[in-house]
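Asks: When you get a sec, could you give me coordinates for this:
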Amino acid sequence: MTRLISTLLLGTALAVPAMAEQHGEPVEQGAKNVPEFEPAWPNQTRAPAMDSGVTLSTQVVADGLTHPWGVEVLPDGSYLVTERAGKLRHITREGEMHDPISGVPEVFNRDQGGLLDVALAQDFEDSRTIYLTYSKPMGDGMSVTAAARGTLTEDMSALEDVTDIFVQTPPSPTAKHYGSRVVLDGDYAYITTGEHSSMSERGNAQDLDKTYGKVIRVTLDGETPDDNPFADEGETAALVWTLGHRNVQGADIRPGTGELWTVEHGPAGGDELNKITAGENYGWPVVSYGQQYSGSPIGSGDPRAEGFVEPQYYWDPVIAPGGFAFYDGEMFAEWEGDVLASSLYPGGLVRLSLEGDRVAGEERFLPEIGRVRDVEIDQDGAILLLTDKSNGELVRVTPGG
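Replies: Model (predicted):
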């Protein structure tokens, strides 16, 4: 069933609020792409700059990675890292990088496509199960976002019994905006997708009969949960947890709450941090705090409208967010619960402090490190970063300078 929510809401835009008052200057970031758009509440964008007084020290654990995309910490303290070209690597804590793990699904290695995220089953020490997201080739130049599970051998050399738990529909001719993160929570897997970018396809983010621009929720075996919000609206719609997303490349569970939060790429302006609520619509491409790269409006030309969820935070100009993590550790104890988001442009690491569900301040670090694709928290509380380049690195970040 097609649900063209966009056509129903073009005439229901909310009045633009007066400039929301906030105290303190934001971090230096350049002019807005869409200066006429005002935030819906104080600090929804350009929150006051923070200075935690923390300096950071970086250590390259391993280099020579080809556009690394996702990192996961294994129980023994070593790492699994995906390379977009289709390789899954085991890297020891000392930085020894082993040969690629065999048995990884074939990927559509074109443009933004390839091997994407990796996550460990919560019972990994017993089951050896891991989860991957990737761009799956569908023939004739077509591809989709997919998620698979498999069993990692004890010697870390092979992935066995690999099976897909989600395959996006329909196939796309556009090798862009795949998402995709996989987040495991109890009996369920959340999988984020993109809408493949093209003008002809992006509207699919509003359609429940297509899994473009969605957060998907399935069981760990790929079954459709009966309590998904659109479970009665058709086989494809039943997979959907939320809709109206552009390109969600970051997702994490907020510690102590069970809440799923995401970050997603906007166009020119309008990158978003979102709190995910089942059944809600996040607006793309009907509303956006950004604009087309050409300077023309997005959708209705409004940043908000009735029926669409406001982002908890947005960036204009963009940070081009990849992965993010809520900080949960002892090494940076004062950052507990803060958002740590990777930046592909201008690069580095972005920290957001939260008061309840609202952003209180923003701080930026390590612009010199360049494009950062993923953020993870190590067992000892250090911050792990992946740099997205042809000679990419796994980097450990600790206090000090």
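Asks: Poorly predicted segments of the stretch 1-150 of the chain, please.
Replies: Regions of the stretch 1-150 of the chain meeting the criterion pLDDT under 70 cover residues 1-23.
Asks: Where do the helices of it begin and end?
Replies: Along the stretch 1-150 of the chain, counting by DSSP state H, counting those that start in this stretch, helices occupy 5-9, 124-127.
Asks: Number of residues surrounding P170?
Replies: 14 (other CB atoms under 10 Å). From N, CA and C alone the C-beta is placed, and that goes for glycine too.
Asks: Please report how far it lies from D126.
Replies: Going from P170 to D126 by CB to CB, to the nearest Å gives 37 Å.
Asks: what's the answer for A158, then?
Replies: Using CB to CB, we find A158 at a distance of 18 Å from D126.
Asks: Of these two, which one has the most company?
Replies: A158 (15 against 8).
Asks: Would you confirm that E336 contacts D328?
Replies: Yes. Using CB atoms under 8 Å, E336 makes contact with D328 at a distance of 6.8 Å.
Asks: quick one: common contacting residues for those two?
Replies: Contact with both E336 and D328 is made by no residue, according to CB atoms under 8 Å, 6 or more residues apart in numbering.
Asks: The helix or strand harbouring S353 packs against which elements?
Replies: Per DSSP states H and E, S353 falls inside strand 348-355. Packed against strand 348-355, as judged by 3 or more CB pairs under 8 Å, 6 or more residues apart in numbering; DSSP states H and E, are the following elements: strand 339-343, strand 358-365, strand 372-377.
Asks: So what sits opposite the residue positioned nearest the centre of the chain in the bridge?
Replies: Residue closest to the average C-alpha location in the chain (CA atoms, centre = their mean): G250, at 1.6 Å. G250 has the following beta-bridge partners by DSSP bridges: V263.
Asks: and it, what is it in contact with?
Replies: By CB under 8 Å, 6+ apart, the residues touching G250 are 181, 262-264, 321-324, 341-342, 375.
Asks: ditto for W315
Replies: Per CB under 8 Å, 6+ apart, neighbours of W315: 29, 45, 266, 269-271, 321.
Asks: 6 Å instead, please
Replies: D271 (CB atoms under 6 Å, 6 or more residues apart in numbering).
Asks: which SS class is V397?
Replies: strand (DSSP: H, G, I helix; E, B strand; the rest coil).
Asks: So it sits against V54, correct?
Replies: No. If you go by CB atoms under 6 Å, V397 and V54 don't touch, sitting 10.3 Å apart.
Asks: quick one: which of those two has more around it?
Replies: Between V397 and V54, V397 has the larger neighbour count (other CB under 10 Å), namely 22 against 14.
Asks: Excluding sequence neighbours, find me the nearest residue to the more buried one.
Replies: Excluding its sequence neighbours, the residue lying closest to V397 (CB to CB, 6 or more residues apart in numbering) is I383, at 4.1 Å.
Asks: T398 is in contact with the one you found, correct?
Replies: No. Judged on CB under 6 Å, I383 makes no contact with T398 at a distance of 7.8 Å.
Asks: So which of the two has more stuff around it?
Replies: Counted by other CB under 10 Å, I383 and T398 do not tie: I383 has more neighbours, with 26 against 15.
Asks: Buried residues, the strand holding S353. List them.
Replies: Neighbour counts over strand 348-355 (16 or more other CB atoms under 10 Å) mark 348-354 as buried.
Asks: quick check: mean pLDDT across it?
Replies: In this model, strand 348-355 carries a mean pLDDT of 98.
Asks: Same question for stretch 376-395.
Replies: pLDDT averaged over stretch 376-395 gives 98.
Asks: Number the chain from 36, please
Replies: Will do, 36 is the new start, and the previous item becomes stretch 411-430.
Asks: can you pull the contacts of A240?
Replies: Per CB under 6 Å, 6+ apart, neighbours of A240: 230, 247-248, 279-280, 319.
Asks: ok, back up a step: give me the beta-bridge partners of the residue nearest to V432?
Replies: I412, V432.
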